[in-house]
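> My questions concern the predicted model and sequence given below.
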Amino acid sequence: MAARKAAAAEEVVARPETGTALGRGSAFQGVEGQAGAVRILQAALGHDRVSHAYLFVGPHGVGRELVARRLAAALLCTGRTPGMAPHEVCGGCGACARVDRGLHPDVHVCIPEAEAVRRGTLAWDEDRKPSQDIKVEQVRQLRDDLRMTAFEGGWRVAILPLAERLRVEAANALLKTLEEPLPRSLLVLCAPDRGAVLETLRSRCQRVAFSPLPEELLARLLVARRALPFEQALAVAREAEGSMGRALLGEAAEAGETWEAAGAWLADLERATPSELLSRAEALEKDRDALDRLVRALARLALRRAEEAVPAARTDGAVALRARLLAEVAAGALELRGELTRPGANARLNLERFMLRARAQLQGFTNSSMNS
Ligand SMILES: [Zn+2]
């Protein structure tokens with residue numbers, strides 16, 4: 001029962017967060033910040049040399065799945081007219097519409113149950129928790145699907161947006177498909193790095209690299225999509241580490257505020273008196289979720305400031321020392337984050353200890369450099 005539900009869910013895929021509706025023109029229209037990957041795939045389509053298996057390597061939420069589905073659209077569009085390039089689609093035929101809406105019977109997207117639940121494509125009422133991994137039964141089903149004659153007479157495409165969730169048994173089942181590629185079948189695996197997929201699998205795939213989206217681009221996209229003020233969008237973009245998917249998630253939506261709060265906190269650590277810091281700890285302790293986000297943002301901010309200081313630190317000893325201290329504060333913040341999640345942890349005590357130590361590091365430095 002669960003397997004059938006999971007299989008049904010694979011056929012319906014929510015539009016990836018970076019997508020725009022598919023219209024006439026390049027199949028890769030609306031794909032932002034992935035010119036290199038798009039160029040490789042356009043050339044493959046142009047020379048009729050589409051590989052039977054690709055490994056899209058790059059962070060989550062930068063458009064890997066969208067590009068995979070657009071590649072499928074280019075292969076499956078039935079409304080192409082003479083003069084159109086092989087990477088172009090008509091945008092108006094049934095195949096284009098079905099691929100775009102994630103409903104094409106020859107495009108199979110294989111994701112773990114938990115991901116299908118998250119996307120809202122799988123209702124869950126089992127006693128057990130939905131699996132975080134791709135199950136071997138799912139891969140076998142996928143193999144059978146690829147062996148079947150294409151519904152619409154063209155290519156059959158399988159996309160695994162979370163190929164890093166293949167455990168050994170499932171990966172081995174998939175390997176069989178890769179060892180005996182069928183004509184006009186395409187397999188696209190997406191993974192955050194090459195090492196996330198078994199060597200036997202990745203050696204049979206052509207690798208295409210996807211980049212994190214530049215902060216500026218991400219910020220502009222957020223301004224367009226979420227009507228955020230640019231400054232705030234930029235803060236969210238920083239927190240999202242180049243991933244549009246992350247930037248659009250709830251946690252990152254608060255990141256603009258969190259980032260500002262982390263800036264104020266760091267400034268406090270460099271200026272405030274111990275008693276001011278202790279009352280701050282009391283206030284921070286009250287909302288543990290917000291505290292966790294804030295501590296993480298502080299770690300990242302301190303690290304960023306340290307990194308920014310690197311060029312000057314080569315010639316300026318004081319800058320080098322400050323950079324090192326900021327990196328230590330970042331490490332302390334990450335340690336604090338770990339301590340806060342421990343059951344029975346005394347949040348207040350840990351928080352106070354961290355803040356006083358960070359203060360001593362940063363203010364000790366400021367005072368000594370002013371005296372010298
Ligand atoms: Zn079409």
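Sure, I can see it. Since the structure is predicted, the reported quantities are computational estimates derived from the model, not experimental observations.
> Which is the succeeding secondary structure element to the lengthiest strand in the chain?
The single longest strand within the chain, with elements called by DSSP state E, is strand 185-191. Counting by DSSP states H and E, the next helix or strand C-terminal to strand 185-191 is helix 199-202.
> Buried residues in stretch 265-284, which are they?
Trp265, Leu266, Asp268, Leu269, Glu270, Ala272, Leu277, Arg280, Ala281, Leu284 (16 or more other Cβ atoms under 10 Å). Where C-beta positions appear, they are placed from N, C-alpha and C, glycine not excepted.
> Could I get those in TSV, plus columns for distance to Glu231 and pLDDT?
Output for those, formatted as TSV (distance: Cβ to Cβ, whole Å; pLDDT from 0 to 100):
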residue	distance to Glu231	pLDDT
Trp265	18	92
Leu266	18	93
Asp268	21	92
Leu269	23	93
Glu270	22	90
Ala272	25	91
Leu277	27	92
Arg280	24	89
Ala281	28	90
Leu284	24	88
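> Which of the residues you listed fall in helices?
Trp265, Leu266, Asp268, Leu269, Glu270, Leu277, Arg280, Ala281, Leu284 (DSSP state H).
> about what we covered before: just the closest of the buried residues of stretch 265-284 to Arg167, please.
Leu284 (39.9 Å; Cβ to Cβ).
> my guess is the closest one meets Asp292, correct?
No - between Leu284 and Asp292 there is no contact under Cβ atoms under 8 Å: 10.6 Å.
> Spatially nearest residue to Glu307 (excluding sequence neighbours)?
Closest residue to Glu307 apart from its sequence neighbours, by Cβ to Cβ, 6 or more residues apart in numbering: Ala323 at 7.9 Å.
> Quick check: which ranges of the stretch 201-350 of the chain have low pLDDT?
226-228, 249-256 (pLDDT under 70).
> OK, now which residue of it is nearest to the ion?
Per Cβ to the ion, Val208 is where the stretch 201-350 of the chain lies closest to the ion, at 23.2 Å.
> give me the number of residues near that residue?
If you count neighbours by other Cβ atoms under 10 Å, Val208 ends up with 25.
> Check which helices and strands whichever strand or helix holds it sits against.
Using DSSP H and E, Val208 maps to strand 206-209. If contacts are counted by 3 or more Cβ pairs under 8 Å, 6 or more residues apart in numbering; DSSP states H and E, strand 206-209 sits against helix 35-46, strand 53-57.
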